[in-house]
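Trainee: Below are the sequence and a predicted model; questions follow.
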Amino acid sequence: MTDEHLYIVTYDISDPKRWRRVFKAMHGYGAWLQLSVFQCRLTRRRRAELETRLRELIRNGEDHVLLIDVGPASTIDLAIESIGKTFSKMERRATII
């Protein structure tokens, strides 16, 4: 049994350059669900690494990041309901303007 927890990480970054840096950094931690939303399975250590990395990238007072702890990854069967477009985990390819 692992000590991973499932996190939903979402962010609102005011500067496009910082947004791209956060977006690229997030790929090392989880699965991209939607434009600024990732699903991450993280140990305590990886979660701390992610938080440290995000704090280095964002600007306090301008940007906002939410790390939502859904619970122990081994007991969570995340159910995602999609309204509108059909949901599928997004591929790494992104069009960033």
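Mentor: Structure received.

Trainee: CA-only coordinates of the lengthiest helix in the chain in CSV, if you can.
Mentor: Among all segments of the chain classified by DSSP state H, the helix with the greatest residue count is helix 44-57. C-alpha atoms of helix 44-57 as CSV (Å, rounded to 0.1, in the frame of the first residue of the first chain):
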residue,chain,number,x,y,z
ARG,A,44,3.8,13.6,1.0
ARG,A,45,7.3,14.3,-0.3
ARG,A,46,6.2,14.8,-4.0
ARG,A,47,3.4,17.1,-2.8
ALA,A,48,5.9,19.2,-0.8
GLU,A,49,8.2,19.3,-3.9
LEU,A,50,5.3,20.4,-6.1
GLU,A,51,4.3,23.1,-3.6
THR,A,52,7.9,24.4,-3.4
ARG,A,53,8.1,24.4,-7.2
LEU,A,54,4.8,26.3,-7.6
ARG,A,55,5.8,28.9,-5.0
GLU,A,56,9.0,29.5,-7.0
LEU,A,57,7.0,30.1,-10.2
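
Trainee: which helices and strands does that helix pack with?
Mentor: strand 5-12, helix 16-26, strand 64-72 (3 or more CB pairs under 8 Å, 6 or more residues apart in numbering; DSSP states H and E). (Each C-beta comes from the backbone N, C-alpha and C, glycine too.)

Trainee: what does the second one contact?
Mentor: Meaning helix 16-26. 9, 11, 13, 32, 36, 38, 40, 53-54, 57-59, 63, 65, 94, 96 (CB atoms under 8 Å, 6 or more residues apart in numbering).

Trainee: buried set for it?
Mentor: Applying a neighbour-count criterion of 16 or more other CB atoms under 10 Å, the buried positions in helix 16-26 are 18-19, 21-23, 26.
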